[in-house]
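Visitor: with the sequence up front, the predicted model follows.
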Amino acid sequence: MTQQCTTPAETQGNCLTYTATQALAVGAGARVLGIRLHPGAAAAALALSFVTHYAADRRVEGGLLETLATKTGKGNFWRLASHGINGAYCLDSAWHHGWETAAALVATIGAKTR
């Protein structure tokens, strides 16, 4: 996403587009690799991805990631935007990578080879 979302509608639209793209990419990748994903596990993984992206991507004052950063003592890093480092970007990226890893593990539940 190139723009930061400030309204629930913007965030929801971007997250729906992102999740639909994920579904297409994962479906195509699984087919090419000969993996049969369980539909329920795939749906749960996509839902996890959508919910966690939606929760984090509303970049508003006092949003989820800023609150988590502040409560865990990383508020100064969140606000860092100098010396080639953007703390908010780094923490946002880490959040997404962590949850995408969890979603990938969920998607493999019940998977079989073709």
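Guide: That came through fine.
Visitor: for Ala44, which non-adjacent residue is spatially closest?
Guide: The shortest distance from Ala44 to any non-neighbouring residue, by C-beta to C-beta, 6 or more residues apart in numbering, is to Val106 (5.3 Å). Bear in mind the C-beta positions are built from the backbone N, C-alpha and C, glycine included.
Visitor: again but with Ala104, I slipped
Guide: Ala45 (6.9 Å).
Visitor: contact partners for that neighbour?
Guide: Applying C-beta atoms under 8 Å, 6 or more residues apart in numbering to Ala45 gives the contacts Val26, Ala103, Ala104, Val106, Ala107.
Visitor: quick check: which element contains it?
Guide: helix 39-57 (DSSP states H and E).
Visitor: now the strands for this structure?
Guide: 35-36, 81-82, 85-86, 112-113 (DSSP state E).
Visitor: can you name every helix or strand that the first one contacts?
Guide: On a contact count with 3 or more C-beta pairs under 8 Å, 6 or more residues apart in numbering; DSSP states H and E, strand 35-36 meets strand 112-113.
Visitor: swap in the last one?
Guide: Using 3+ C-beta pairs under 8 Å, 6+ apart as the contact criterion, the elements in contact with strand 112-113 are strand 35-36.
Visitor: which residues sit against the strand it packs on?
Guide: Ala30, Ala111, Lys112, Thr113, Arg114.
Visitor: run the last query once more with 7 Å
Guide: Ala111, Lys112, Thr113, Arg114 (C-beta atoms under 7 Å, 6 or more residues apart in numbering).
Visitor: before we move on, what about stretch 92-100?
Guide: Leu48, Ser49, Thr52, His53, Ala56, Leu65.
Visitor: highest neighbour count among the residues you listed?
Guide: Sorting these by how many neighbours each has (other C-beta atoms under 10 Å) puts Ser49 first, at 24 neighbours.
Visitor: with adjacent residues omitted, what lies nearest to it?
Guide: Ala103 (4.6 Å).
Visitor: the one you found: neighbour count?
Guide: 22.
Visitor: can you give me the helices in this protein?
Guide: Using DSSP state H, the helices of the chain run over residues 8-33, 39-57, 64-71, 75-79, 87-107.
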